[in-house]
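K.L.:
please find the sequence and the predicted model below.
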Amino acid sequence: MKRILIVEDELVIGEVQKDYLEAAGCAVEIATSGDVGLAKALAEDYDLLILDLMLPKVDGFEICRQIRARKNIPILMVSARKEDIDKIRGLGLGADDYMTKPFSVGELVARVKAHLARYDRLTGSGHAARAEEIRLRGIRIDKPSRKTYVNEAEVPLTSKEYDLLLFLALHPNRVFGKDELFEKIWGLDANGDTATVTVYISKLREKIEADPSKPQYIETIWGVGYRFNV
Ligand code: CA
């Protein structure tokens, strides 16, 4: 079941959206202030965020900016003012869709479904392996051309670096041991050992991370292995 978080301070509006989305088969939670919404969205694994712009404590602009820096989930922003929607677009905060209040809840449900389906195609279980392109936060991997882009700038990777990145990106948020990665990428019969994995992870970080000493994408789980964070 898809999990949706609605951040909306007008509870009546939030409740109506919740009813319709639940009728469409989603699990829905509501946060009525910006700080609570931001904390929940960061801490939990939602599949989609519906974000009101004007909120107490932390506004929708700031929430969108912080979530987008950490997660790739679809963000649908709503505002009562058309000018605000233009402003959001102008700021390039990375929201996936925008709606001006009042809107029909049927329209909201249709858009939510479309974004969930698109997100599934990119990252969903099994679907990602068939997608031609993977987008995870600032990383874009174009599979037909085997090219990788960080914030839309192409990053040249060697064949094995690419294979390793692709494998991790196809299984976001899952931890893999070095043994497992060596076997998957190099094969059991290859020359080398798990130290090879360490070397290649560090090469990859040099190329894709803004600060390789504080990786945002490929995280080391001490004593266990590595995971690609989404
Ligand atoms: Ca509001």
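P.N.:
Sure, I can see it. These numbers were taken from a predicted model, which means no experiment stands behind them.
K.L.:
past the helix ranked longest in the chain, which element shows up next along the chain?
P.N.:
The longest helix of the chain (DSSP state H) is helix 105-123. Following helix 105-123 in sequence order, the next helix or strand is strand 133-136 (DSSP states H and E).
K.L.:
so what touches that next one?
P.N.:
72, 122-123, 128, 140-143, 166, 169-170, 172, 217, 228, 230 (C-beta atoms under 8 Å, 6 or more residues apart in numbering). For every residue, glycine as well, the C-beta is placed using N, CA and C.
K.L.:
buried sites along stretch 54-70?
P.N.:
Using 16 or more other C-beta atoms under 10 Å as the test for burial, stretch 54-70 gives Leu55, Val58, Gly60, Phe61, Ile63, Cys64, Ile67, Arg68.
K.L.:
repeat that for stretch 163-174.
P.N.:
Neighbour counts over stretch 163-174 (16+ other C-beta under 10 Å) mark Asp163, Leu164, Leu165, Leu166, Leu168, Ala169, Leu170, His171, Pro172 as buried.
K.L.:
for the residue lying closest to the third one once chain neighbours are set aside, give me its contacts.
P.N.:
Taking C-beta to C-beta, 6 or more residues apart in numbering as the measure, Leu165 lies nearest to Leu204, with 5.7 Å between them; neighbours along the chain are not counted. Applying C-beta under 8 Å, 6+ apart, one finds that Leu204 lies in contact with Leu157, Glu161, Leu164, Leu165, Ile218.
K.L.:
can you give me the helices in the chain?
P.N.:
11-23, 34-43, 60-70, 82-91, 105-123, 159-170, 178-185, 194-208.
K.L.:
so the longest one versus helix 11-23, what angle?
P.N.:
With axes from the mean of the first three to the mean of the last three C-alpha atoms, to 10 degrees as the basis, helix 105-123 and helix 11-23 are set at 60 degrees to each other.
K.L.:
Leu38 is in contact with Leu5, correct?
P.N.:
No. Using C-beta atoms under 8 Å, Leu5 is not in contact with Leu38, being 10.1 Å away.
K.L.:
contacts for the helix-or-strand element of the chain with minimal mean pLDDT?
P.N.:
In the chain, no helix or strand scores lower on mean pLDDT, DSSP states H and E than helix 82-91, which sits at a mean of 77. Outside of helix 82-91, the residues within contact range by C-beta under 8 Å, 6+ apart are Leu53, Met54, Gly60, Phe61, Cys64, Met77, Ser79, Ala95, Tyr98, Met99, Thr100.
K.L.:
pick out whichever of the residues you listed sits closest to the ion.
P.N.:
Met54 (4.1 Å; C-beta to the ion).
K.L.:
possible to save the buried residues of stretch 54-70 as JSON lines with pLDDT?
P.N.:
Listed next are those as JSON lines, based on pLDDT from 0 to 100:
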{"residue": "Leu55", "pLDDT": "95"}
{"residue": "Val58", "pLDDT": "94"}
{"residue": "Gly60", "pLDDT": "93"}
{"residue": "Phe61", "pLDDT": "91"}
{"residue": "Ile63", "pLDDT": "95"}
{"residue": "Cys64", "pLDDT": "92"}
{"residue": "Ile67", "pLDDT": "91"}
{"residue": "Arg68", "pLDDT": "84"}
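K.L.:
which two in these are spaced the farthest apart?
P.N.:
With C-beta to C-beta as the measure, no two of these lie farther apart than Leu55 and Arg68, at 16.5 Å.
K.L.:
dump stretch 20-31 to CSV, restricted to CA.
P.N.:
Extracted in CSV, the C-alpha atoms of stretch 20-31 (Å, rounded to 0.1, in the frame of the first residue of the first chain):
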residue,chain,number,x,y,z
TYR,A,20,-10.4,10.4,-1.2
LEU,A,21,-6.9,9.0,-1.2
GLU,A,22,-7.8,6.3,1.2
ALA,A,23,-10.7,5.4,-1.0
ALA,A,24,-8.2,5.1,-3.8
GLY,A,25,-6.3,2.6,-1.7
CYS,A,26,-3.5,4.7,-0.1
ALA,A,27,-2.5,4.9,3.5
VAL,A,28,-2.6,8.6,4.5
GLU,A,29,-1.3,10.6,7.4
ILE,A,30,-1.8,14.3,8.0
ALA,A,31,0.6,16.8,9.6
